[in-house]
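> Turn this into a structure:
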Amino acid sequence: MTSARSALRSLALATAVGTVAVAALAAPAVGSPSAADAPPKASALVQKVSVPAYFYPGATWDQLVGAGNRVGLAIANPFNGPGTGDPQYTRAIQRARTAGVTVIGYVATGYFGTTGITTRNGSTDPAEWMRQIKGDVDTWYRLYGSAGVGGIFFDEALSRCGAGNADVNRYIELRAYVEQRHGAASTVVDNPGTGVEECYTAAADTLVTFEGNDASYRTHRPQGWEARVPAERIWHMVYASPDESTLRTAMSLSKQRNAGHVYVTPDTIADGNPWDTLPPASYWAVQLSLASGS
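Here you go, the predicted structure:
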């Protein structure tokens, strides 16, 4: 997300290559399910640690790649999207692919202008958003396709189907665009960051249905449909989980909630971006072990 956006989205991360966007921590929400819709216990679930890797290639990327295929997905985000190309990202993506990690490229969808977020040329028109988004998708593959970028992470995603399915159909169109132009094996992720209506299962391979702090995760109540789909369809991102004790609790909850992809970090929003680091080595090792069930 860009520096023009509200709440956490208004706080951009300055790096050596520019401003890195932070994945949406709030989105238009859907109604809460009843307690009866809570997922069953699933403590034996084998998960992948999937990382919003909003940090420049270097030692932190080395740590991520060193985990090999225990990391499922990693979101690359050079400049609120693909930027103009950077050989350091080319090498990082290549190394990640060799290690068994699928790197997906960040693309903001701005809730298709419905909340007042504008395209880079200042428009809230959904058609202008669609043009910008597709252009960013193509840029990712032009710059990093040969390096092995494996899909697209659509941030700031809507969560309601919309009248006549108008909202979800835009994301279904984007999924089809990625798969038809850049390969059916491309991984497509939508990030509403909140409870999302079941129609969105047609719009992505994986949905981020929780993005928030540890305290909120304790009381999070997934949508009923989340218990009925393969676990790899669900991704939870939790920040401000301060120590290994809270990490263990969050990981246990994520398994109960059928999240096949999970990321937990002690980082906070104090600097505007909880995704600009990886956890300390011990914390990271525990998370990888808990996810894999080892």
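> contacting residues for Q63?
By C-beta atoms under 8 Å, 6 or more residues apart in numbering, the contact set of Q63 is L278, A281, W284. C-beta: built from backbone N, CA, C; applies to glycine.
> Send me the helix or strand harbouring it as CSV with only the CA atoms.
Using DSSP states H and E, Q63 maps to helix 59-66. Taking Å, rounded to 0.1, in the frame of the first residue of the first chain, the C-alpha atoms of helix 59-66 are listed here in CSV:
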residue,chain,number,x,y,z
ALA,A,59,20.8,-11.2,5.3
THR,A,60,17.1,-11.3,6.0
TRP,A,61,16.3,-12.9,2.6
ASP,A,62,19.1,-15.3,3.2
GLN,A,63,17.5,-16.4,6.5
LEU,A,64,14.2,-16.9,4.7
VAL,A,65,15.7,-18.8,1.8
GLY,A,66,17.7,-20.9,4.3
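> in that helix, what counts as buried?
For helix 59-66, a neighbour-count test (16 or more other C-beta atoms under 10 Å) marks T60, W61, Q63, L64, V65 as buried.
> One more: stretch 194-212?
194-201, 203-212.
> Show the end-to-end separation of it, please.
Using C-alpha to C-alpha, to the nearest Å, the end-to-end distance of stretch 194-212 comes to 9 Å.
> Ok, stretch 151-159 next?
21 Å.
> ranges for the helices of the stretch 51-200 of the chain?
59-66, 87-99, 126-144, 166-182 (DSSP state H, counting those that start in this stretch).
> okay if I get those as JSON lines plus mean pLDDT and distance to A270?
JSON lines is the format used below for the helices of the stretch 51-200 of the chain (pLDDT from 0 to 100; distance: least, C-beta to C-beta, whole Å):
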{"stretch": "helix 59-66", "mean pLDDT": "97", "distance to A270": "18"}
{"stretch": "helix 87-99", "mean pLDDT": "98", "distance to A270": "26"}
{"stretch": "helix 126-144", "mean pLDDT": "98", "distance to A270": "29"}
{"stretch": "helix 166-182", "mean pLDDT": "98", "distance to A270": "32"}
